[in-house]
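A.B. asks: how does the following fold in three dimensions:
(chains A and B)
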Amino acid sequence: MYSPAIIAEAIVNGLMTGTVYALIALGLTLVYGVLHIINFAHGALLTAAMFAVWVVYETVGLDPYLAILPLTPLFFGMGYAVQRFVIGPASHGNDSNILLVTLGLSIAIENALLAGFRSDTRTLNTDYGFQVVEFGSLLLSKPRLIGFGAAILVTVLLWLLLSRTDTGKAIRAVAKEKFGASLVGIDVAHVYAVTFGLGCACLAVAACLLMPTFYVNPRIGQAFVLVAFTIVVLGGMGSIPGALLGGLFIGVVESLCGLFLGDSLGQIGIFLIFILVLLVRPTGMFGAKA
Amino acid sequence: MTFRDIVPIAVVIALLAFVPAFVTANTVLNFLVFTLIIALAAQGWNILGGFGGQFSFGHAAFFGTGAYAAALLQVRFGMNPWVAFVIGAVAGAAVGWMIGYLSFRSGLRGSYFALVTLAFAEVLRILANAATFTGGAAGVLIKLDVRPDNFQFESRGAFFWIALALVGAVLVLTRWIERSRFGAQLVAVRENEAAAKALGVDTLRVKLGAITASGAVTAAAGGLYAQYFLYVDANIAYGTWISVEAILAPIVGGLGTVFGPLVGAVALHGLGEITKLAAGSVPGIDLMVFGGLLVAAVAFAPQGILGLLRRPGQSKGAARHA
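C.D. replies: Okay, here's the model as predicted:
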């Protein structure tokens, strides 16, 4: 049997990983809530963000946490442009087309990164990467603790943005009823692009928080995006509290499955939950309607 | 289905059958066999996705089942490879029916159906990668024993003909589906499921029929892959690459058309080889082009290459007969 201390540590580690998962899922759920599409390019964009963190660290020596400042607006702008000039026009307003366009983008981005950086796995060598913080009997990794706090902060900021600002109001209006929104003078294509940009900005932050303790290679996004899909489906497509809670839950499930089933079978718990939720309650915990 | 429906298929297959007479370089034949295997997998996807409008992102589940069944039945149980190949296709049909039953009964469609198929393929990949029966991460090696009754041949030309015969058979099957009552109901489900249901179409039965046939065809492609390369592992058999290939070819070639998947597979892989020749051995460069092509196809050629080739005067209905 495993001692309670080991299980407690697995749960805490799972919670910390879970917040970063939640951040990735947040971008996905935001885009789903407004555009009603699943962005299959989310994983490839995350990989791109992680490579961006690696590049600025290796070339300019910019600390990954400081890299949040330039990379978040950069990815917001990129996401805005991708939605406004590629996904929007290419899909002719048809849902299954958006699915295919984002799939095409994901293949193109992922393989462009493979062509540019080759398949080597890269890491950052920060001097705080392995520092730990003692917390009672638990030893917690310092960068992951920072990630935990920052991810929650970003979630709160995003929630404030959506609930308190005019932009947020416009986003929510388009999500509810895009025709009505356009009638009262909201530029729907602009709001779509802003939403997509916000989703990408979440990815940039997540990448900066991940890189001190994680590695990057051109295929890394796939692993995360499947987890993010699970979280989004579990929490309810389009729901922000759902993404946060779903992320924490999945983080713990993955950590415990890894402990009990070993690394190779660890992820299977996530997919079984995923399939079960889809089959039994596709609206998730907080979703309104399918 | 009349005799006239079969003629174009017979002509295309007959012309392609002469290729090994002119091309003897092993690398070229390798490329052709591989492209035909992809075309076969894509034909399977096209039955469900093109005619039925249900976009699966996890056809690897069927491809892998066919590949593993073909490999494991002969390696573990000493079964004749031809029999194992057929059982593999049947197993693919069974997996198709099961996934279909679970997800269509729950009313999953659109993005949700895409996600659930993706998840099923991933579960199978993780299981195959971990179980000792499937050889774990090391995969399964089929023993080299070149005899025609052992489904192994001296020349690659023989394999080319077998792959071509299967592609031809599925072309006929697809043409039959297109002309049949079942096919009409399937297209009705694609165009407007609620309306089809209101007119008395048993939509669940129709979709189940489509995913079962689709699973069998893609599993046959997997079995052929295992028999040709004599090796299978989880990332090849159940990997996302084949799910993506199966989607790409019909969309680039012509979604919901009989020849679309074959045209798309040949065009994509032909272009992929040219890109590799032009850009040197940069990994991923061909797939990068594929991704761009998928976006371009959806944006500018929603009916694929076959749609572009059609004369402007012809109606949309005529394209389906092309």
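A.B. asks: now check the helix or strand harbouring residue B:62, is it near chain A?
C.D. replies: When elements are assigned from DSSP states H and E, residue B:62 belongs to helix B:60-77. No - Helix B:60-77 lies out of reach of chain A by CB under 8 Å from any CB of the partner chain, never closer than 11.7 Å. C-betas here are computed from N, CA, C, even on glycine.
A.B. asks: can you count the residues close to residue 152?
C.D. replies: All of this is about chain A. Residue A:152: 15 surrounding residues under other CB atoms under 10 Å in any protein chain shown.
A.B. asks: hmm, no, I was thinking of chain B.
C.D. replies: By the criterion of other CB under 10 Å, residue B:152 has 18 neighbours.
A.B. asks: checking it next. Helix, strand or coil?
C.D. replies: coil (DSSP: H, G, I helix; E, B strand; the rest coil).
A.B. asks: which residue is the nearest non-sequential neighbour of it?
C.D. replies: residue B:146 (4.6 Å; CB to CB, 6 or more residues apart in numbering or on different chains).
A.B. asks: need phi/psi at the one you found.
C.D. replies: Backbone torsions for residue B:146, taken as degrees, to the nearest 10, come to phi -80, psi 100.
A.B. asks: and the pLDDT for residue 242?
C.D. replies: Defaulting to chain A. Confidence at residue A:242, expressed as pLDDT, is 88.
A.B. asks: try chain B instead
C.D. replies: So residue B:242 comes in at 94 (pLDDT).
A.B. asks: output the below-cut-off pLDDT ranges for the chain.
C.D. replies: Because you didn't say which chain, this covers chain A. A:1, A:263-264, A:266, A:285-290 (pLDDT under 70).
A.B. asks: chain B was what I was after
C.D. replies: Along chain B, the model assigns pLDDT under 70 to residues B:311-322.
A.B. asks: which ones are touching the residue most central in space within it?
C.D. replies: The centroid of chain B falls nearest to residue B:41 when counting by CA atoms, centre = their mean (1.3 Å). Applying CB atoms under 8 Å, 6 or more residues apart in numbering or on different chains to residue B:41 gives the contacts B:59, B:63, B:217-218, B:221-222, B:242, B:245-246.
A.B. asks: what of residue A:144?
C.D. replies: So residue A:144 contacts A:13, A:16-17, A:213 (CB under 8 Å, 6+ apart).
A.B. asks: what's the burial count for residue A:166?
C.D. replies: 7.
A.B. asks: brain fart, residue A:283
C.D. replies: Residues near residue A:283, counting by other CB under 10 Å, number 16.
A.B. asks: residue A:270 reaches residue A:252, doesn't it?
C.D. replies: No - counting by CB atoms under 8 Å, residue A:270 stays clear of residue A:252, with 11.0 Å between them.
A.B. asks: those two: which has the busier surroundings?
C.D. replies: Taking neighbours as other CB under 10 Å, residue A:270 and residue A:252 compare with residue A:270 leading, 25 against 18.
A.B. asks: ok, and the closest non-adjacent residue to that one?
C.D. replies: Spatially, and ignoring its direct neighbours in sequence, residue A:270 is nearest to residue A:230 (5.3 Å; CB to CB, 6+ apart).
A.B. asks: how close does residue A:3 get to residue A:252?
C.D. replies: Separation of residue A:3 from residue A:252 (CB to CB, to the nearest Å): 18 Å.
A.B. asks: buried residues, stretch B:203-218. List them.
C.D. replies: B:203, B:206-218 (16 or more other CB atoms under 10 Å in any protein chain shown).
A.B. asks: cool, stretch B:218-230 as well?
C.D. replies: For stretch B:218-230, the neighbour count (16+ other CB under 10 Å) marks B:218-229 as buried.
A.B. asks: chain neighbours aside, what residue packs nearest to residue B:129?
C.D. replies: That would be residue B:234: by CB to CB, 6+ apart, it lies 3.7 Å from residue B:129.
A.B. asks: count of neighbours near the one you found?
C.D. replies: 24.
A.B. asks: re earlier: tell me which of the contacts of residue A:144 is nearest to chain B?
C.D. replies: residue A:17 (18.5 Å; CB to the nearest CB).
A.B. asks: OK, contacts around the closest one?
C.D. replies: Counting by CB under 8 Å, 6+ apart, residue A:17 has contacts A:144, A:251, A:254-255.
A.B. asks: returning to that earlier point: the one helix or strand the residue nearest to residue A:270 maps to: which residues count as buried?
C.D. replies: In the assignment (DSSP H and E), residue A:230 maps to helix A:220-235. Of all the residues in helix A:220-235, those buried under the rule 16+ other CB under 10 Å are A:220-222, A:224-235.
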